[in-house]
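# fold the following and give me the result.
(one chain, ligands or ions: 1)
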Amino acid sequence: MPSMAQGGRLRDPTENPNKLHDRKLDAFSGKQNLAQHRKSLPIASVEKRLMDEVRHNDTLIIVGETGSGKTTQLPQFLFNAGFCRDGKTIGITQPRRVAAVTVAKRVAEECGVELGQRVGYSIRFEDATSISTRIKYMTDGLLLREALLDPYLSRYSVIIVDEAHERTVHTDVLLGLLKNIQRARSKSFNDRVNIEKNKENNGTLSDKDNGVFLKQCQSRKFPPLKLIIMSASLDARGFSEYFGGARAVHVQGRQFPVDTFYTHHAEPDYLDAALITIFQIHLEEGPGDILVFLTGQEEIESVERLVKERLQQLPEGSRKLLTVPIFSALPSEKQMRAFRHAPAGFRKVILATNIAETSVTIPGIKYVIDPGLVKARSYDPVKGMESLIIVPISKSQALQRSGRAGREGSGKCFRLYPESEFDKLEDSTKPEIKRCNLSNVILQLKALGVDDILGFDFMDKPSRASIVKSLEQLFLLGALTDECKLSDPVGRQMAQLPLDPVYSRALILASQFNCLEEMLITVAMLSVESIFYGPREKLEEARTAMRRFSSPEGDHLSLVNVYHASDELLDKRMVGLSKEKKDKILSKWCKENFINSRSLRHARDIHSQIRGHVEQMGLRVASCGDDMLQFRRCLAASFFLNAALRQPEGTYRALASGQVVQIHPSSVLFRAKPECIVFNELVQTNHKYIRNISRIDYLWLSELAPHYYCTQN
Ligand SMILES: Nc1ncnc2c1ncn2[C@@H]1O[C@H](COP(=O)(O)OP(=O)(O)OP(=O)(O)O)[C@@H](O)[C@H]1O
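Alright, predicted model coming up:
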């Protein structure tokens, strides 16, 4: 991409005027190139037709190939067609934060405006918008939160639900909610029209005057809400039926071709196959960066290490390969590294989870490697247990992945499985709402005033069993009253916190147990992927390092110890040092202690954000000091639904679900095996492992959660 105009940059008085002239020319040709690029996109040729469709249909479904220009261009078309008159905004939702941020940046650049002015984005904990923002990209979860404050979403004239095929739980809830809002706004609009008509003209207008009158009303305060559902790979018929026969249009044509290759046979070790493919491309193919889809942080970090090791075995001249990881637990500024160009002469290999699967354009990507797997949520409503499992992707995900190549030129996609396997994949991904714990969603719906959850108009209804189980869980956590209404203040406070209800409840309880400091740290540390890291070749060293922080009481306290140790380091040794210097010292300390510095930094970031939330809510932030008994009692009171008892043969029985589980070897309690524990996570591999565990006293359960344990166990 050519370099862009540097809006608002001050001129250096010592600068050679010829250089300045050159820069202006660069900026000018950059703008021209962008304008040309926009015109060349397949969607550009149907702008007028699309705008007519939007004017004539309150709900429209748009299907167009990946890279055809839907996400970046449609909002600009709508803006130019006058949909932001009277200060209204066009909202575009994305399932992922990284897409909302990068697309907003791109569109601001295309419009020649500063990000945060006419074009902006808003994601959890980060807002780059202002009162002048008219095109706003955001996550679907964030729009749901906005509806809590503005139930009619009255500032929006159009809402585009992008990448609807992903069917995230937030997208699905949003679809149902938007349907209701659209109906309410149309009704309110019609009522207003009638009232005004009667007021001004005694209800008598000629057809022509009536048309003019309607137009006037439309541009007034409360126009009906236009809804656009968009994707490259969605089941248009299903969506159309859900929206009462809404019109669907197809945008033909893709920008550049992508050749797809399959393996001859199934690969027994997909990580090894990915590694071989990376080096084959690097050594045999022409210029262009590589994007590899992996299933999670641990996998990404292990492939990153292996790539670096293998590079050392290559002749010096072939070593110019740069690995860049991107996954959701990585802080935003680190994620953005993937979007920067590689240094001259280097090839970039991006190791990504499905965070880079839809919407994003990563500059330079010409090759995609797709092992065909994803880590997905799975939920057992009978046992009330959620777990993460690695499963094959759907055809629509495979299409999205290959669509990440071919955005700036032709591309190649290497699927690490035979074509016959592709044919067997499901067409589309099973909606997340059918495979996750619904307590978070139900809490939000209740806060939005939707009381009849079983009767809510979901596009795909979750099973009755899973709704009932989640309602029961919320009731047990104190968020719902006996009448199944949101409780006040607990339920309301829980709905305000952008966390899983169990964690929100833990924070509220901790303020009563005088250990909110410790619980804030725990929740932040549990919100990132593993803090400790143990490479296979240095496992013993890593275990010794971990012992420095481990507490005999369990993993929660060990995590608090790590956090406090990092606090001490930052407080004592770093007064007056620059941010870079501090970062270096922290990284060195993490390396020496086998702590994942990325995860720790991210946890520190989350900690300060949720601390802000609880302070705003007026919760008392106090520390229990050395009184760890208090903190452990609070853990028992918070996580009582995940309590387990040791069995004679050393396994555990989860009290709520009756499942037999084992302590994960990474837990500090792996050997100690206390009699009674609470845990936070169930990981399903060939065993059912539990992680993040603390020792508790069995008697605390009936004392601290009598509503559950005095009646059930
Ligand atoms: N950040 C960026 N840097 C460079 N080029 C970009 C960027 N964002 C978009 N583009 C260009 O604009 C084209 C259209 O992108 P856009 O995201 O609008 O397509 P789309 O139809 O929404 O694709 P998808 O269905 O994959 O989300 C891309 O193919 C690419 O050429």
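# how about residue 126: what's its closest non-neighbour residue?
Leaving aside its sequence neighbours, residue 126 sits nearest to residue 332 (C-beta to C-beta, 6 or more residues apart in numbering; 6.9 Å). All C-beta atoms are positioned from the backbone trio N, CA, C, and that covers glycine.
# so how far is the ligand from that neighbour?
Distance from residue 332 to the ligand, counting by C-beta to the nearest ligand atom, to the nearest Å: 15 Å.
# before we move on, what about residue 649?
From residue 649 across to the ligand, the span is 52 Å (C-beta to the nearest ligand atom).
# the residue nearest to residue 126 contacts residue 100, doesn't it?
No. If you go by C-beta atoms under 8 Å, residue 332 and residue 100 don't touch, sitting 10.6 Å apart.
# neighbour count: those two, which is higher?
Remark: of residue 332 and residue 100, residue 100 carries more neighbours, 28 against 14, as counted by other C-beta atoms under 10 Å.
# who are the contact partners of that one?
94, 121-123, 137-139 (C-beta atoms under 8 Å, 6 or more residues apart in numbering).
# count of neighbours near the closest residue to the ligand within the stretch 601-713 of the chain?
Closest residue of the stretch 601-713 of the chain to the ligand, C-beta to the nearest ligand atom: residue 602 (23.8 Å). By other C-beta under 10 Å, 23 other residues sit near residue 602.
# pLDDT weak spots in the protein?
1-30, 188-222, 331, 383-385, 535-536, 572-574, 685-686, 711-713 (pLDDT under 70).
# sec struct for the closest residue to the ligand within the stretch 251-400 of the chain, please.
As assessed by C-beta to the nearest ligand atom, the ligand sits closest to residue 361 within the stretch 251-400 of the chain, at 3.5 Å. Applying DSSP: H, G, I helix; E, B strand; the rest coil to residue 361 yields a three-state assignment of coil.
# got the residues of the stretch 251-400 of the chain near the ligand?
Within the stretch 251-400 of the chain, the positions near the ligand by C-beta under 6 Å from any ligand atom are 255, 358-359, 361, 363.
# filter those residues to the buried ones?
Buried subset of these (neighbour count, 16 or more other C-beta atoms under 10 Å): 255, 358-359, 361, 363.
# nearest residue to the residue nearest the centre of the chain other than its sequence neighbours?
Residue closest to the average C-alpha location in the chain (C-alpha atoms, centre = their mean): residue 96, at 4.1 Å. Nearest-residue entry for residue 96: residue 355, 5.7 Å, with adjacent residues in sequence omitted and distances by C-beta to C-beta, 6+ apart.
# A helix includes the one you found, no?
Yes. Assessed by three-state DSSP, residue 355 belongs to a helix.
# how many residues are close by it?
The number of residues packed near residue 355 is 20, by other C-beta under 10 Å.
# how far away is it from residue 423?
27 Å (C-beta to C-beta, to the nearest Å).
# now do residue 630
Distance of residue 630 to residue 423, computed by C-beta to C-beta: 58 Å.
# I figured the residue of the stretch 251-400 of the chain closest to the ligand hits residue 407, correct?
Yes. The pair formed by residue 361 and residue 407 meets the contact definition of C-beta under 8 Å, at 4.8 Å.
# need the residues of the stretch 101-250 of the chain near the ligand, please.
So far as C-beta under 6 Å from any ligand atom goes, the stretch 101-250 of the chain lies against the ligand at 102, 106, 232.
# helix or strand: which one has the second one?
In the assignment (DSSP states H and E), residue 106 maps to helix 97-111.
# beyond that helix, next helix or strand please.
Once the chain leaves helix 97-111, the next helix or strand it forms, by DSSP H and E, is strand 119-123.
# how about the helix or strand that comes right after that next one, which residues are buried there?
Sequence order places strand 126-128 as the next helix or strand after strand 119-123, per DSSP H and E. Of the residues in strand 126-128, those buried by neighbour count under the rule 16+ other C-beta under 10 Å are residue 128.
# could you do stretch 127-138 as well?
Buried positions in stretch 127-138, judged by neighbour count with 16+ other C-beta under 10 Å: 128-129, 133-138.
# isn't the residue of the stretch 601-713 of the chain closest to the ligand up against residue 526?
No. Counting by C-beta under 8 Å, residue 602 does not reach residue 526; the two are 11.9 Å apart.
# residue 524: what's it in contact with?
Residue 524 makes contacts with 563, 603-604, 606-607, 610, as judged by C-beta under 8 Å, 6+ apart.
# of the residues you listed, which is the most crowded?
For the contacts of residue 524, the largest neighbour count, defined by other C-beta under 10 Å, is 25 neighbours, found at residue 603.
# re the thing from before, nearest to the ligand among the buried residues of stretch 127-138?
Of all these, residue 137 has the smallest distance to the ligand: 10.9 Å, by C-beta to the nearest ligand atom.
# quick one: the closest one is in a strand?
Yes. Secondary structure of residue 137 (three-state DSSP): part of a strand.
# list the contacts for it?
Contacts of residue 137 (C-beta under 8 Å, 6+ apart): 92, 94, 99-101, 103-104, 107, 119-122.
# can you do 10 Å?
Neighbouring residues of residue 137 by C-beta atoms under 10 Å, 6 or more residues apart in numbering: 71-72, 75, 90-94, 99-108, 119-123, 128-129, 160, 162, 359.
# same check, this time on residue 71
If you count contacts by C-beta under 10 Å, 6+ apart, residue 71 has them with 43, 64, 92, 94, 99, 103, 106-107, 137, 160, 162-163, 230-232, 358-361.
# now swap in residue 235 and tell me
Contacts for residue 235 (C-beta under 10 Å, 6+ apart) come out as 61, 63, 164-165, 167, 241, 396, 427-428.
# what sits against residue 607?
Contacts of residue 607 (C-beta under 10 Å, 6+ apart): 517, 520-525, 527, 563.
# what about it, which helix or strand?
For residue 607, the host element (DSSP H and E) is helix 597-616.
# next helix or strand past that helix?
helix 628-638.
# what comes up buried for that next one?
Using 16+ other C-beta under 10 Å as the test for burial, helix 628-638 gives 628, 631-638.
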